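Undergrad: just the structure for this:
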Amino acid sequence: MNVFNMKPVKIRRIFFVNRYYLMLILFFISGKMPAAQNSTDSLFSILEDKSSAEKDRMVAYTLIATEYNKINNDSAGYYANLGYDLAKKSDDINFQLKNLVVIGSEQVKRDSLTKAKDTYLKAAVLIDKATDNTAILSVWIILGYIYEMQDNIDSALVYYFKGLNVADSLGIKRFVSRFENNIGAINIKTKNHRNAITHFFRAAEIFKELNEEDFYANTLLNIGSEYYSLKMNDSAMIFLNRSKEINEKLHNHYGLVNYYINMAGMQYDAGNFNKALGSIKLGLKEIDSLDKSFFGTNAYNRAGALIFLGEIYYKLNKDQKAIESYMAAKALSEKSSFLKYIAAAYKGLSKVYEKEGKIKSAYSYFKLYRKYDDSVKNEQNTQKISQLEMEFKFNNERKRMQLEKERAEYKRKITGLFYLSITGALITALIIITFLYLRQKDKHKQTLLKEKNLQLERESLGKELELKNKELTTNVMYLLKKNEFISDISSKLKKIDSQKGLYKSSDIVNIIRELERNTSGDVWQEFEKRFLDVYGDFYERLSKRYPNLTPNELKLSAFLKLNMSTKEISSITYQSPESLKTARHRLRKKLGLTKDDNLVAFLNQI
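TA: Model (predicted):
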């Protein structure tokens, strides 16, 4: 009878799910540094220059620390401490945060989780005043990781969900995927397998989108292990084998560690202990191949693998090797406070010593196991409740944020419609203004065209008037010459009459009178016709202003308007120059003109 009532322990459940943690977090931080200072040579030249300002030295120390952290140079922590001291002196929160993240990462790599936790808690105090989101999220995820390694699930979830909320709200997918992956891992510890798968699938989708193959492969492995836990072996092998293909292609030792340990667990459950032994040894070999580029703690992986190795040796009746494996796992776990692995190591030792009949040693280890196991179980129960509460709060918070996002989107659409309406109104107004402007411009153009046409008409009329004036002048000259010719004949006939020649005197007189009478009337009628063609309303306007003018005075006014001389008028009217002078005097008087007034100029104004 087993005096300790000890059931066989499925140690595999303790370490079966190893997770891919923060290997690229610090590279995100370094990516935010100025590209111009990537060369450490130029950075060291700043430090060697004694005249360099403290701020420049602070930046140089920080960049050197970050560069050395990427290439796993042991001096990274040294330069980060110098950078931190200067950042603290100048009260630069963001650079304090950057340097603390590097210091803490170096401590995690050396498996100094307690020191690393203190460093990151110091960084967490600065977060409220910091603006570097990458550094802030790095602190949350690494703190969550450290607390998870130490089985403090409550604290781990607090930091994971806090970080997930921030990353999700800011849309920083690289961090969202890592938080989802690590929350899925905690669901495994609390045996919420389907919930774990949901988180892993979310993480895997983002890893694939971002083309982060190593992270994607490890998340596929986590999904495969969960399908195995749910006894969905065919689905499990599909994901596990796909994970192995990618990890071998990438030479990703950590991914292969997880693969071999998971395969060892499946072989162990099937009773194939020798195959399980081969797989776990391959897993330990991959752990030995992990170099400083692996951000996580090797101690956690090795402790879990050693406990599993001890369990396999126990099944193969290789008790001494089992004890050595359990002891090595216990030493590693106690150093980093891996409570679950400490409990498992004590239980394994208790079983081996009981089997060998060393009851006192078996009982001693069993008591230690119960002490740690009760503590772990109580904490697990509390953690499971806390996790459910956290999940509930997170889901509510996510729904609230989604609702706020939808409200903001609705408000944005309403605002967009408002601005669209304003824009439409402005465009409509612009179209109307443009139309009115073009219409006015067209009217102006039409007006200019009309004015141009009127000008052309005026010019045409002017040219026509000028032509008619020329015709009138020509006609008057012709009439004058005609009258002169006739007058000359009349004079000659008068001379003949005076000579009392062959002709009867009465006949010659009659001819002369008829010539003078007909010539005078024809000349005036022809002149008046031509004059009225050019100055049609002259008589009307003149008579309207001066109704007392006689027909002869109107005729005289017409001759004078054409600027004809007294002699020219006399030749047409057969009036003597003296008579015409008298007539001009009477006309000036009726027109109210003085001696200084120009009669011709006055008539041209009418």
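Undergrad: pLDDT below threshold where in this structure?
TA: For the chain, the stretches flagged by pLDDT under 70 are 1-39, 72-73, 291-297, 375-402, 404-405, 463-485, 488, 496-509, 511-524.
Undergrad: try it again at 80.
TA: For the chain, applying pLDDT under 80 flags the ranges 1-41, 70-74, 111, 291-298, 336, 374-417, 453, 456-536, 571-574.
Undergrad: which segments of it make up each domain?
TA: 24-171, 493-604 (automatic domain parsing).
Undergrad: in the stretch 301-450 of the chain, which spans are helices?
TA: 319-336, 339-355, 359-499 (DSSP state H, counting those that start in this stretch).
Undergrad: before we move on, the earlier item: give me whichever of the domains of the chain is most buried.
TA: Among these, domain 24-171 has the highest mean neighbour count (mean count of other CB atoms under 10 Å), at a mean of 19. (Each C-beta comes from the backbone N, C-alpha and C, glycine too.)
Undergrad: okay, the domains of the chain in TSV with distance to residue 338 next?
TA: TSV is the format used below for these (distance: least, CB to CB, whole Å):
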stretch	distance to residue 338
domain 24-171	7
domain 493-604	126
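Undergrad: so which of those gets nearest residue 361?
TA: When the domains of the chain are compared by CB to CB, domain 24-171 sits nearest residue 361, at 25.8 Å.
Undergrad: how far off centre is that closest one?
TA: 31 Å (CA atoms, centre = their mean, to the nearest Å).
Undergrad: please apply the same query to stretch 171-190.
TA: Mean C-alpha position of stretch 171-190 versus that of the full chain (CA atoms, centre = their mean) differs by 30 Å.
Undergrad: again with stretch 531-543
TA: Using CA atoms, centre = their mean, the offset of stretch 531-543 from its chain centre is 82 Å.
Undergrad: stretch 320-329 too?
TA: With CA atoms, centre = their mean as the basis, stretch 320-329 stands 61 Å off its chain's centre.
Undergrad: got the buried residues for that stretch?
TA: 321, 322, 323, 325, 326, 328, 329 (16 or more other CB atoms under 10 Å).
Undergrad: where does residue 211 land in three-state SS?
TA: Three-state assignment for residue 211 (DSSP: H, G, I helix; E, B strand; the rest coil): coil.
Undergrad: residues near it, how many?
TA: As a burial measure, residue 211 scores 8 neighbours (other CB atoms under 10 Å).
Undergrad: that one and residue 103: what is the separation?
TA: Relative to residue 103, residue 211 is positioned 31 Å away (CB to CB, to the nearest Å).
Undergrad: check residue 372 too.
TA: Between residue 372 and residue 103 the distance, using CB to CB, works out to 31 Å.
Undergrad: same question for residue 441.
TA: Separation of residue 441 from residue 103 (CB to CB): 75 Å.
Undergrad: who are the contact partners of residue 56?
TA: Residue 56 makes contact with residue 46, according to CB atoms under 8 Å, 6 or more residues apart in numbering.
Undergrad: keeping just the C-alphas, turn whichever helix or strand it is part of into CSV.
TA: Here residue 56 sits within helix 54-70, counting by DSSP states H and E. C-alpha atoms of helix 54-70 as CSV (Å, rounded to 0.1, in the frame of the first residue of the first chain):
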residue,chain,number,x,y,z
GLU,A,54,25.2,65.6,-21.3
LYS,A,55,22.1,65.1,-23.4
ASP,A,56,24.2,63.9,-26.3
ARG,A,57,26.1,61.6,-24.0
MET,A,58,22.8,60.2,-22.6
VAL,A,59,21.6,59.5,-26.1
ALA,A,60,24.9,57.9,-27.1
TYR,A,61,24.9,55.6,-24.0
THR,A,62,21.3,54.6,-24.7
LEU,A,63,22.0,53.8,-28.4
ILE,A,64,25.1,51.8,-27.6
ALA,A,65,23.3,49.8,-24.9
THR,A,66,20.5,49.1,-27.4
GLU,A,67,22.8,48.1,-30.2
TYR,A,68,24.8,45.8,-27.8
ASN,A,69,21.6,44.3,-26.5
LYS,A,70,20.6,43.3,-30.0
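Undergrad: that one: what's the following helix or strand?
TA: Toward the C-terminal end, the helix or strand that comes next after helix 54-70 (DSSP H and E) is helix 76-89.
Undergrad: for the nearest residue to residue 259 once chain neighbours are set aside, which residues are in contact?
TA: Once flanking residues are discounted, residue 259 sits nearest to residue 244: 4.9 Å by CB to CB, 6 or more residues apart in numbering. By CB under 8 Å, 6+ apart, the residues touching residue 244 are 255, 256, 259.
Undergrad: tell me the SS of residue 244?
TA: Per three-state DSSP, residue 244 ends up helix.
Undergrad: follow-up on the earlier one: got the contacts of residue 244 as a markdown table, with secondary structure and distance to residue 578 columns?
TA: What follows is the contacts of residue 244, written out as a markdown table (DSSP: H, G, I helix; E, B strand; the rest coil; distance: CB to CB, whole Å):
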| residue | secondary structure | distance to residue 578 |
| --- | --- | --- |
| 255 | helix | 142 |
| 256 | helix | 146 |
| 259 | helix | 147 |
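Undergrad: which of those lies closest to residue 588?
TA: Nearest to residue 588 among the contacts of residue 244, with distances taken as CB to CB, is residue 255, at 129.4 Å.
Undergrad: now the residue nearest to residue 259: how far from residue 552?
TA: Per CB to CB, residue 244 is found 137 Å from residue 552.
Undergrad: then residue 510?
TA: From residue 510 to residue 552 the distance is 26 Å (CB to CB).
Undergrad: try residue 101
TA: From residue 101 across to residue 552, the span is 125 Å (CB to CB).
Undergrad: got it, and residue 321?
TA: In terms of CB to CB, residue 321 sits 161 Å off from residue 552.
Undergrad: element containing the nearest residue in space to residue 576 that is not next to it in sequence, please.
TA: Spatial nearest neighbour of residue 576, excluding adjacent residues (CB to CB, 6+ apart): residue 570 at 6.6 Å. Element membership for residue 570 (DSSP H and E) is helix 566-573.
Undergrad: packing partners for the following helix or strand past that helix?
TA: Using DSSP H and E, the helix or strand that follows helix 566-573 towards the C-terminus is helix 577-591. Helices and strands touching helix 577-591, by 3 or more CB pairs under 8 Å, 6 or more residues apart in numbering; DSSP states H and E, are helix 551-561, helix 566-573, helix 599-604.
Undergrad: ok and the second one relative to helix 551-561, angle-wise?
TA: Angle of helix 566-573 versus helix 551-561, following axes from the mean of the first three to the mean of the last three CA atoms, to 10 degrees, is 130 degrees.
Undergrad: for helix 566-573, what is the distance to the chain centroid?
TA: Mean-position distance between helix 566-573 and its chain equals 97 Å (CA atoms, centre = their mean).
Undergrad: show me what that helix is packed up against.
TA: Helices and strands touching helix 566-573, by 3+ CB pairs under 8 Å, 6+ apart, are helix 359-499, helix 505-534, helix 551-561, helix 577-591.
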